[in-house]
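A.B. asks: curious how this folds, go ahead:
(one chain, ligands or ions: 1)
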Amino acid sequence: MTAEALISEADFKLSMRHLAGAVSVITVGDGQHRTGFTATSVSSLSAERPSVIVSVNRASSSWPALQHYGCFCVNVLAADQQQVAQSFAGLDGRKGAERYGDAGWYRLKTGAAALENALTVLDCKLETAFHYHSHAILVGHICAIEIRQGIGPLLYWRGGYHELPADVDRRNLAKALGQ
Ligand SMILES: Cc1cc2nc3c(=O)[nH]c(=O)nc-3n(C[C@H](O)[C@H](O)[C@H](O)COP(=O)(O)O)c2cc1C
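C.D. replies: Now for the predicted structure:
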């Protein structure tokens, strides 16, 4: 048996449930061709050339759109934007442009949709994408940024959403997460 066969998919998924993450919505496309997905895989890449990485399942509706448009927006969700997360995860049954229905949107530089009242918005040109099995790792070069102060983030941990207040300190973290 190979080393990789020792790790089951179920154990991997159980392990990943412990990885608390910020929740973002990645938007791509325009008009009726808009789509997008909820993502916890966003990471900072480089400040020297401002950039982020995001991994996307190549079976999702967003992957062909990302290749076609060559740009996307990372919208880091605020604590009260859980409904947007549900919609872009496809969990309320909406597809493509329908997912944009309940929130306000505007454009920055690339034309991808920026979410009103998101914690921060990173408007990205898709610089390159690396394929790894089912997923592609997107490298986005940031062309425009919006930042809002005084609001807390939406987090995802152990299969559920948690709202973190903007003024939380370390002692109150467990209380804020309802633990
Ligand atoms: C909290 C959360 C985080 C997610 N993170 C990712 C991610 O980083 N990459 C990804 O491809 N899908 C991720 N997904 C799943 C996608 O949001 C979902 O499969 C996608 O919206 C389906 O898109 P489609 O119906 O347009 O094909 C996540 C889902 C949830 C609920």
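A.B. asks: which parts of the protein sit against the ligand?
C.D. replies: Within the chain, the positions adjacent to the ligand are 23, 35, 37-41, 55-57, 60-62, 88-90, 156 by C-beta under 6 Å from any ligand atom. Where you see a C-beta, it was placed from the backbone N, CA and C, and this is true even at glycine.
A.B. asks: of those residues, buried ones?
C.D. replies: 23, 35, 37-41, 55-56, 60-62, 88-89, 156 (16 or more other C-beta atoms under 10 Å).
A.B. asks: so which of those are in strands?
C.D. replies: Taking DSSP state E, the ones among those that sit in strands are 35, 37-39, 55-56, 156.
A.B. asks: among those residues, which two are most distant?
C.D. replies: 35 and 156 (20.5 Å; C-beta to C-beta).
A.B. asks: what does the helix or strand where residue 114 lies rub up against?
C.D. replies: Taking DSSP states H and E as the definition, residue 114 sits inside strand 113-115. With contact meaning C-beta atoms under 8 Å, 6 or more residues apart in numbering, strand 113-115 is reached by 25, 27, 30, 34, 36, 73, 75, 77, 81, 84, 100, 103-108, 121, 123, 146.
A.B. asks: how about the helices in this protein?
C.D. replies: 9-16, 62-69, 82-88, 173-176 (DSSP state H).
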